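> Dropping the sequence and predicted coords here.
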Amino acid sequence: MFDTYQFQKINTQNSSQMEKVRQFLLSMGLGIDADVEFFVIALSSNVIVGCAGLAGNTLKSIAVSPDLQGTGLSTRLLTEVVTHAYDMGRYNLFIYTKPDNYRMFHEAGFHQLTAVKDRVILLENSKTRLQEHCEKLSSFAQPGEKIGSIVMNANPFTNGHRYLVKHASENCDWVHLFVVKEDRSFFSYSDRLNMIKAGVKEFKNVTVHAGSDYIISRATFPSYFLKDEGVINYCHTAVDLQIFRQYIAPALGITHRYVGTEPICKVTRFYNQQMHQWLSTPTIDSPKVTYVEIPRCEEEESPISASLVRKYLFENNWQAIEKIVPETTYAYLHQLFMEDTSAYHAKRKQAALRTAQAEQLSLS
């Protein structure tokens, strides 16, 4: 019977095929995250009996019919989707799953990085890659008793971001700044990285670290098997901060982590609140990292935020933008939008349209 299975790759843009996948996953109590690019499905007599999706370098929505679990079909599905990922040049792969599924994925070559008790485990397809990453990081370690750190998305880099870096730079022997790698923000990862580097160049005791798979973005964290938004936020925070404290901070001798107060975004505010606990709890066998929260930088008594910059950008209000971003960011943004062929023109129109539609709905 095993040889009768057929495997097909389905792009998530194929609405008719995806409806069948969606219904299959629904019957298994699972959903589909918006960032999944394609699925590999297993068919038996033209009926879906298993599927596995890929989003970036993360495997998601892996499921097999209950009566076929334990037959080896899960391993076959994983092999199929991993092969497709390798063909796309994606060799470093991750899986978030329930703890009960650990054995199945471990037998397929995935190894546990961290866990949130009874909720989620994170695995990757290597025993040594995280350790190797930390060994590379350690070459950037600097001497000093107070070594600061900042994790930043900067979509785009504002005076608020610069204020936070300046404060950390003045109060630490050295500061390590990590850029979130995901590419689901309005500005691309490469553009965000360029703006950050230009904006902090004057601070001679700051190292900007390019994004890595081990600084985990909330935007790409899976939700297909965690239904409650509060649980999703908690699990993302726990996974990200455990990896930071257990692996990244020791590699660089980090003693402090800096954040700005968050008056706007509830998700970020929750993350910051949880950060203090995860960086200091004695349940983690790693040196504590001191949590430092500083007041958000303001302009005319209003907090400066990247979302405000984007709002002004959608309104083409360059005069307002100039007041709340460094000169380096302003020049970079101007260059991006000067070119008529820039992809950001279309993104700006789409974002402005979504904003207008949301405002109309709120008024109706």
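Alright, I've got the coordinates.
> Past the helix or strand where Gly160 lies, which element shows up next along the chain?
Taking DSSP states H and E as the definition, one finds Gly160 inside helix 159-171. Next along the chain after helix 159-171, taking DSSP H and E as the criterion, comes strand 174-179.
> tell me how far that following strand is from the chain's mean position?
17 Å (CA atoms, centre = their mean, to the nearest Å).
> Buried residues in that strand, which are they?
For strand 174-179, burial by neighbour count (16 or more other CB atoms under 10 Å) applies to Trp174, Val175, His176, Leu177, Phe178, Val179. From N, CA and C alone the C-beta is placed, and that goes for glycine too.
> Can I get the next helix-or-strand element following it in PDB, CA atoms only?
Under the assignment DSSP H and E, the closest C-terminal helix or strand after strand 174-179 is helix 189-200. What follows is helix 189-200 as a C-alpha-only set of coordinates in PDB (Å, rounded to 0.1, in the frame of the first residue of the first chain):
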ATOM      1  CA  TYR A 189      15.900  43.200   5.600                       C
ATOM      2  CA  SER A 190      18.800  44.500   3.500                       C
ATOM      3  CA  ASP A 191      17.400  48.100   3.600                       C
ATOM      4  CA  ARG A 192      16.700  48.000   7.300                       C
ATOM      5  CA  LEU A 193      20.300  46.700   7.900                       C
ATOM      6  CA  ASN A 194      21.700  49.500   5.800                       C
ATOM      7  CA  MET A 195      19.800  52.200   7.600                       C
ATOM      8  CA  ILE A 196      20.800  50.800  11.000                       C
ATOM      9  CA  LYS A 197      24.500  50.600  10.100                       C
ATOM     10  CA  ALA A 198      24.400  54.200   8.700                       C
ATOM     11  CA  GLY A 199      22.500  55.400  11.800                       C
ATOM     12  CA  VAL A 200      24.900  54.000  14.400                       C
END
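> Can you report how many residues neighbour Pro66?
For Pro66, the number of neighbouring residues by other CB atoms under 10 Å comes to 9.
> One more: Gln8?
Neighbours of Gln8 using other CB under 10 Å come to 13.
> Next: Met104.
For Met104, using other CB under 10 Å, the count is 18.
> Equivalent analysis for the one 4 residues further on, please.
Neighbourhood size, Ala108 [other CB under 10 Å]: 19.
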